[in-house]
Every structure is written in C-alpha cells, then in structure tokens.
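> build me a model from this:
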Amino acid sequence: MAGKPKIAMIGAGSVVFAQHLLGDIMSWPEFREPHIALMDIDPDRLAVAERMAHKLADALGAKPTVTAHRTRKPALDGADYVINTIQVGGFAATKIDFEVPKKYGLRQTIADTNGIGGIFRALRTMPVMVKIAQEMETLCPRAIFINYANPMAMVCWAVTRATSIQTVGLCHSVQGTAWQLSRYMGIPFEELVYWAAGINHMNFYLKLEYKGQDAYPRLRRAMRNPEVVKRDPVRFEVCRRLGYFVSESSEHFSEYVPWFIRRDRPDLIERYDIPLDEYIRRCISQDKHWQRTKKQMFSDEPLEVHRSHEYCGYILHAHQTGEPFVIYGNVPNTDIITNLPRNCVVEVPCLVDRNGIQPCHVGDLPPQLAGVIRNTVNVHELTVEGFFSRRRDHIYQAALLDPHASAELTIDEIYAMVDDLFEAHGSMVPNLR
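Numbers count the residues shown, from 1 in each chain. Next up is the predicted model:
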C-alpha cells in the first residue's frame, strides 16, 4: 500500500454516490495520489464517472491515476481496496419486485433490504457479489472489500460464506439517525454518545448519552411533541413499544414488521403516513438527477467537495495510517451478539486500524429486540441457503417466514407470488430446483 494505494470501484456508474466516496477519500493527504480504477458495464455512465474523478481531483488538488474499465479483472488486479456499489437488474428489476407482489395485495415502500423485494434482490445480487470476491481471492487477496449494495445482510453473508476475503458492509443509517436524534432532542450532534447493535436496518440504539447522562428520558420528552412524532411516526411507535429507537427510517421499517402496512386497515397507512411505492418514485427522481449530473460533469462548472458522513473514507484512512476510527459495519456474527444466530451478518461497532476491521463484542441484546431481529434473520438464512443449495423450497420458506408477507397472504398466495417473481425475473436470478 505504501505510496500509491489502488482503489477499485465496482459499479462506478452510480456517479452521485461515487462522487461522495471518492471526494471523501481524496480529501485525505494520504490519498492525494492513489490509483483509482473505475469499473462499470455501462460505457456512458463509466465515461461520466471518469470525468467526475478528474474534476474531484482538480477541486481537491489531488493527482490520482484514473483508469476506466468495462470488465472487473483489470480493475481488481492488485487493488488494496475494493468498493462495491452495483445494483443488479437496475430499475427494471426493481419494478418487478414491486409490481408482482402488488397483484397479490402485498404493498411495499422500499423493498431493497428485507421482505419479498429483499429476497429477490438478494437472488439477483449474491451470484455477482460472490464472483467478485472469488476474483479478489486471485487478483487481490489482501484487499478489503467494502460493500454498499443492498440487501446488505444477505449479500455480505453470501460473500463471507463463500470466500476468505475481508468484507465489511456499510450503510449510513446508524450515523444518519444519530444526527436526526440529536435534532429531535435539541442537542449538538457532536456531543451525543451512542452505542447501537443489531442487523442492517434493524439496529437499535442500546445507549444514548448526553453530557454523561442517559439521553433516553430526553428523547421520550420529545416524543410528547406531536410535531416531532409526525416526522418519524413508525419509529417513534416502535420505540414506545420496544423501548429503543431503531436505526432505519420509518418508511423502511414499516415493511419489516406486520403492524403497519395492512390491506384491510387503510387507516394505518394514513395514521403512520406510510409512503407506499416510495422507492419507485425515488428511482425516477434519481434518473433526473443523473441527467443533471452528467451535464455538470462535462461543463466547466467546478465541483464543491464537502466530506460526507460515509464511513468508507475513514476506513481507508485508518487502515493506511494506523490512526484508529470506529465505524458501524456489517460483519459475520462470530459470537459478537450472543443471542442472535452464529454467522448471520450483524451490524455492530467496529474498530479500524492497520489490522483492518475488528468488530466489538456486544453480548446479549434485550430479548424483545433479539426476538424482532430473529424473525428477519430467519428469512436471510433461508434465502442464503436456498442460493447455495439451489433449492427453491427454501425461497418459498423464506417468503413464508417474512413477517409482512405472512401477515397479509395465505400459503398458496405466497407460493404463487414467488413463482411469478421467478418467472418475471427470468435469467436475472439463479435457476433453483
């Protein structure tokens, strides 16, 4: 790594997100002259990403070597860090994840992490993720694999089961929600101390402290204010019932449990202000943003660079310099959370330094939190097992155990829906027996 670390970015055509990550990385003095290897299968998006990398370098006074690749192997060869931001199947596959379940009366909000949408996005994504990691075992076996692709827990579980590559999954929900909590409580974010654990998008703040005191009473006082509660109605309801605040947004969490989205209870949709089909609207909006970004990259307009709260740059800096930093990462559960299944992927505090990613021990979660999380881990486990064993019955079973689907549909409906999803996705998903 000395002198000129190589950073491979797979799925670099996710230009807006890649811009944040590369801007963060090159803002560190130790990464002013890296080799940045951009890879994407879309030549148009790859060209925009390449232009973006050069414009970022100009804005930061950096002098990277930037290479662009349509295939993975030259990008991976000799890499020190591999950052993954792919979305297998794109918008067309995402629409299938929404439209087929909708025919059966099963409505979703985001459908990219858990639930029926998460299961089929996992089936599309796991084969590609495992292949990338297997190529890394040959081309860059000591590299750290940093994954941003959803469904986070399932794809990371597949990679760590199939390969020896040091892998961490990153999300921005823990630090992002901590910032939101500081606003709800009216305290400076920099002075909020927190400790959280669970799985991705179902990570609970076990400790909130402000000036050495428990901050949960302050949060509960904020919950008495209807103006605060209506900004996050599902999460405040869950906090009221389970005793702890969860890391992922209200629109996400509403589809992970059986309590909020009910076709026989439209009043709940209105009461908790649940945005059905939200991710479809976001995809359409993101496409418009992409078109604006493309024009900006090929204009003379300079880029403004501000360091984001994404963990990726901090990982590279801590690993390169040895200056320790704590992130929240998705890693295998090697008795880190002792009342969740071993080897499932958990999201916990991790120390990063020259030794890489080192998860912190958590112990037992409060039993009500472990119970809610296990319901989802069961779905993850059966989906991953179905992929590796090539058994379709495990995918049926994963869908049967999904809390949202099982609250809305009969056994026959769930089986028929899964069959329809396999047919609609066609060759985008593995051929399971």
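
> looking at the residue nearest to His394 when sequence neighbours are not counted now. What's its pLDDT?
Sequence neighbours aside, Gly386 is the residue nearest to His394 in space, at 3.3 Å (criterion: C-beta to C-beta, 6 or more residues apart in numbering). From N, CA and C alone the C-beta is placed, and that goes for glycine too. What the model reports as pLDDT for Gly386 is 98.

> and the helix or strand hosting Gly386, what does it pack onto?
Assigned by DSSP states H and E, Gly386 belongs to helix 367-389. Counting contacts by 3 or more C-beta pairs under 8 Å, 6 or more residues apart in numbering; DSSP states H and E, helix 367-389 is packed against helix 115-139, helix 152-162, strand 192-199, strand 202-210, helix 233-242, helix 392-401.

> for Val429, see how far away the residue nearest to His394 is.
When C-beta to C-beta, to the nearest Å is the yardstick, Gly386 and Val429 sit 11 Å from each other.

> got it, and Leu38?
From Leu38 to Val429 the distance is 27 Å (C-beta to C-beta).

> and Phe17, by the same measure?
Noted for Phe17: a distance of 24 Å to Val429, by C-beta to C-beta.

> so those two - more neighbours on which side?
With other C-beta atoms under 10 Å as the criterion, Phe17 and Val429 differ in neighbour count, and Val429 comes out ahead with 24 against 18.

> quick check: phi and psi at the more buried one.
The phi and psi torsions at Val429 (degrees, to the nearest 10) take the values phi -120, psi 160.

> how far away is it from Tyr216?
Separation of Val429 from Tyr216 (C-beta to C-beta): 43 Å.

> swap in Arg271?
Arg271 sits 25 Å away from Tyr216, going by C-beta to C-beta.

> of these two, who's got more company?
Here Arg271 and Tyr216 are compared on neighbour count by other C-beta under 10 Å; more neighbours surround Tyr216, at 17 against 12.

> show me where the chain has strands.
With DSSP state E as the definition, the chain shows strands at residue ranges 6-10, 35-39, 65-69, 81-84, 144-147, 166-169, 192-199, 202-210, 213-214, 325-332, 345-353, 356-359.

> that older thread, make a markdown table from the helices and strands packed on helix 367-389 and add mean neighbour count to it.
Output for those, formatted as a markdown table (neighbours: other C-beta atoms under 10 Å):
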| stretch | mean neighbour count |
| --- | --- |
| helix 115-139 | 23 |
| helix 152-162 | 25 |
| strand 192-199 | 21 |
| strand 202-210 | 20 |
| helix 233-242 | 18 |
| helix 392-401 | 20 |
